[in-house]
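> Sequence and predicted structure, then a few things I'm wondering about:
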Amino acid sequence: MSARRKLVAGNWKMHGSHSANAELLAGITGARPFACDVAVCVPFPYLSETAVALAASDIRWGAQDCSAHDQGSYTGEVSVGMLAEFGCRYVIVGHSERRQYHQESDQLVADKARAALARGITPIVCVGETLAQREAGETDAVVKRQLSAVIHTLGHCAGEMVVAYEPVWAIGTGRTATPEQAQAVHALLRAQLQAATAHAAGMKILYGGSVKPDNAATLFAQPDIDGGLIGGASLKAADFVAICRAAA
Ligand code: PEP
């Protein structure tokens, strides 16, 4: 059993409305206490109301992306300084949907992680292979390359990030990596972190990809899986709470 406290973070993606958010957040806060750290990463326009709704709780909140720039003429972008003003504790960077639909490179993801840490916000750095890459036997090389860019850019701060292994073929598909498949990649990532930072043993490596109440416990029982990044199931309070309970 790992001594690392688990983290379950919801990724709401582009979902939500004032009324749905209020109901969801009330359902989560009403289910406290949890035996793990819990966070929700919400769309930018909902940061303010999320901060208000969670202010009196130990549940943290964050965003799903950030700019690598501090400020300037970058229409549509949101800086980490702005996220900090909303009390964000976390920001997801390098989600496969950003890499795929917005052509985010490994280096841009690393620059975003560095910008976040510079403002005291913990980046949740996503890595993961596509189905074609897995079938070609490239999983290890792909995730190592993605993480390597971040490790090199963060330097001595690398130990402060959270890593999320999210096989692209498991995101939103209902197809989950088996606990053994996930553990094998997590162990690989931990070894890579160990070679780079003295803090690797205490770092959280989350698993993401169709985590549901009925598969969370077996995934979280793996020695190098320190919680989850939860997409679809984070939108229903009962499911999200059940996943948090599985991360005791
Ligand atoms: C995600 O979007 O990070 C994710 C893991 O989604 P889902 O849980 O829906 O697969």
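Received the coordinates, thanks. As the structure is a prediction and not an experimental result, all values here were calculated from the model.

> can we go C-alpha only for contacts and neighbour counts from here?
Fine.

> Now M14: which helix or strand?
Assigned by DSSP states H and E, M14 belongs to no helix or strand.

> who touches stretch 149-163?
106-107, 109-111, 113-114, 117, 122-127, 193, 196-200, 203-206 (C-alpha atoms under 8 Å, 6 or more residues apart in numbering).

> one more time with 7 Å, if that's ok
Identification of contacts with stretch 149-163 by C-alpha atoms under 7 Å, 6 or more residues apart in numbering yields 106-107, 110-111, 114, 122-126, 197, 199-200, 203-206.

> does any bit of that stretch sit next to the ligand?
No. Applying C-alpha under 6 Å from any ligand atom, one finds stretch 149-163 out of contact with the ligand, separated by at least 11.9 Å.

> measure that stretch end to end?
Distance between the two ends of stretch 149-163: 13 Å, counting by C-alpha to C-alpha, to the nearest Å.

> Spell out which residues of the protein are next to the ligand.
So far as C-alpha under 6 Å from any ligand atom goes, the chain lies against the ligand at 11, 170-172, 208-211, 229-232.

> Just among those residues, which is most surrounded?
G208 (30 neighbours; other C-alpha atoms under 10 Å).

> how close does the closest residue to Q192 other than its chain neighbours sit to L24?
Distance criterion C-alpha to C-alpha, 6 or more residues apart in numbering; nearest residue to Q192, sequence neighbours excluded, is K144 at 7.4 Å. As defined by C-alpha to C-alpha, K144 lies at a distance of 36 Å from L24.

> How about residues contacting stretch 169-184?
In contact with stretch 169-184 (C-alpha under 7 Å, 6+ apart) are residues 130-131, 209-211, 218-219, 222, 224-225, 232.

> Show me where this structure has its strands.
Here the chain has its strands, by DSSP state E, at 7-11, 37-41, 60-63, 90-93, 122-127, 162-165, 205-208, 227-230.

> Show me which parts of the fifth one are buried, residue by residue.
Of the residues in strand 122-127, those scored as buried under the neighbour-count criterion (16 or more other C-alpha atoms under 10 Å) are 122-127.

> of those, closest to the ligand?
C126 (8.3 Å; C-alpha to the nearest ligand atom).
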